[in-house]
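**Student:** no sequence on this one, just coordinates:
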């Protein structure tokens, strides 16, 4: 049985009461599934952001592939709330099955991630299998169209419904070259970025603004890079303080894999965690936390993630510790930071970004 998404109580992670955990493209896919003939599966859901489709389907023989620790947390919560059957979790392409009758993929914002995922999916469809690419019309760019045409001979965009599309892909194009990681240099380091990693093609401007202030950072024996991406902040700190212990955390599997590759490439031993922030890691009394937080979740602009990370940092910081964070000026992070820290000081003069030094966490 396929549930009506609008009749389910589905939550996002982090909580965002003003935002839905699904979109019109998810609804369109479920409507099409009512008439789909290959109902016996196996099926694969990709980028099901908060487990909305998995919860609504609640079917056997279903795999679920998502890069996000927040997505996995939301999936577990929503499945439990509705007593829905849990899908088989996929964390790497090596865990995918050899043949799927249907793959439903929410198109990611990153074209390189999209291309990588389609390259893995195309070689794992049954001869009569299909891949449905979901997305709001405004987010399915010409770049997305080009990637779909590159990897599949049959691309049927279908009709737009409520400004959403469910594009049907069939007949994969064989023998595509593998998608490789990108590398670039910054601050004396060579950084590796796998498909879908934040700042995958070039250094992030916010990180560059942050690095300009690194000579002001305290010398500590242990630090956390919270939302590490490919590890640029932690590795730049280690380049200046090579005896420190660095703990890198990101909610994206592609990011943590990129950070691991970057650390190895530059010869720095680090600890890496794929996790939704600090809350479940048991870390405490940290003397220094660095953070370049996201202000979007997939295609949705939101400061909810950043605000959650600020709260977590305040809880994990030592009484004498320092939390350093960079953000766009227009986001006004100083107002939120003052909820969790007694002292919040702007230390940069960049026209677009502000670097804050936060101390004395509030109880």
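**Tutor:** Yep, that arrived. Predicted model, so just to flag it, every value in this text is computed and none were measured.
**Student:** Would you mind measuring the gap between the ends of stretch 146-155?
**Tutor:** Looking at stretch 146-155, the gap from its leading to its trailing residue is 10 Å under the measure C-alpha to C-alpha, to the nearest Å.
**Student:** Can you give the distance from that stretch to the centre of its chain?
**Tutor:** Using C-alpha atoms, centre = their mean, to the nearest Å, the mean C-alpha position of stretch 146-155 is found 25 Å from that of the whole chain.
**Student:** And stretch 87-107, by the same measure?
**Tutor:** With C-alpha atoms, centre = their mean as the basis, the distance from the averaged C-alpha position of stretch 87-107 to the chain average is 17 Å.
**Student:** I'd like the average pLDDT over that stretch.
**Tutor:** Averaged across stretch 87-107, pLDDT comes to 96.
**Student:** Span of that stretch from start to end?
**Tutor:** For stretch 87-107, the separation between the terminal residues is 20 Å (C-alpha to C-alpha).
**Student:** Can you list the buried residues in it?
**Tutor:** Of all the residues in stretch 87-107, those buried under the rule 16 or more other C-beta atoms under 10 Å are 87, 90, 96, 100-107. Glycine gets a C-beta too; all of them are placed from N, C-alpha and C.
**Student:** likewise stretch 110-128?
**Tutor:** In terms of neighbour count (16+ other C-beta under 10 Å), stretch 110-128 has its buried residues at 110-125.
**Student:** Give me the residue ranges of the stretch 1-150 of the chain where confidence is low.
**Tutor:** Across the stretch 1-150 of the chain, the stretches falling below the confidence threshold (pLDDT under 70) are 1, 37-39.
**Student:** all helices for it, in order.
**Tutor:** Taking DSSP state H, counting those that start in this stretch as the criterion, the stretch 1-150 of the chain carries its helices at 24-33, 52-57, 69-82, 111-122, 142-151.
**Student:** What are the contacting residues of the last one?
**Tutor:** By C-beta atoms under 8 Å, 6 or more residues apart in numbering, the surrounding residues in contact with helix 142-151 are 107, 111, 114-115, 118-119, 122, 133, 135, 155, 167, 169, 172-173, 176.
**Student:** What's the first helix or strand after it?
**Tutor:** On the C-terminal side of helix 142-151, the closest following helix or strand by DSSP states H and E is strand 152-156.
**Student:** What strands line up against that following strand, and which way round?
**Tutor:** When pairing is defined by DSSP bridges, strand 152-156 lines up against strand 164-172 (antiparallel).
**Student:** in the very next helix or strand once past the partner strand, what's buried?
**Tutor:** Proceeding N to C from strand 164-172, the next assigned helix or strand is strand 182-186, under DSSP H and E. Neighbour-count burial for strand 182-186, with 16+ other C-beta under 10 Å as criterion, is recorded at 182, 186.
**Student:** Now the helix or strand that comes right after strand 182-186: average pLDDT?
**Tutor:** Reading on from strand 182-186 to the C-terminus, the next helix or strand found by DSSP H and E is strand 189-193. Rounded to a whole number, the mean pLDDT of strand 189-193 is 97.
**Student:** can you list contacts of strand 189-193?
**Tutor:** Everything outside strand 189-193 that qualifies as a contact, by C-beta under 8 Å, 6+ apart, is 181-185, 199-201, 203, 230-232, 235-236, 239, 258, 261-262, 265-266.
**Student:** Could you tell me which residues within it count as buried?
**Tutor:** Neighbour counts using 16+ other C-beta under 10 Å place 189, 191-193 of strand 189-193 among the buried residues.
**Student:** same question, stretch 244-260
**Tutor:** 244, 246-260.
**Student:** Could you do stretch 70-78 as well?
**Tutor:** Applying a neighbour-count criterion of 16+ other C-beta under 10 Å, the buried positions in stretch 70-78 are 70-75, 77-78.
**Student:** In this structure residue 152 contacts residue 167, no?
**Tutor:** No - contact criterion C-beta atoms under 8 Å: residue 152 and residue 167 do not qualify, at 9.5 Å.
**Student:** hmm, back to that, closest one of the buried residues of stretch 110-128 to residue 348?
**Tutor:** Each of the buried residues of stretch 110-128 was scored against residue 348 by C-beta to C-beta, and residue 110 proved nearest at 28.0 Å.
**Student:** Quick check: nearest residue in space to that closest one, chain neighbours excluded?
**Tutor:** Spatial nearest neighbour of residue 110, chain neighbours left out: residue 196 (4.7 Å); criterion: C-beta to C-beta, 6 or more residues apart in numbering.
**Student:** Right, I'll leave it there.
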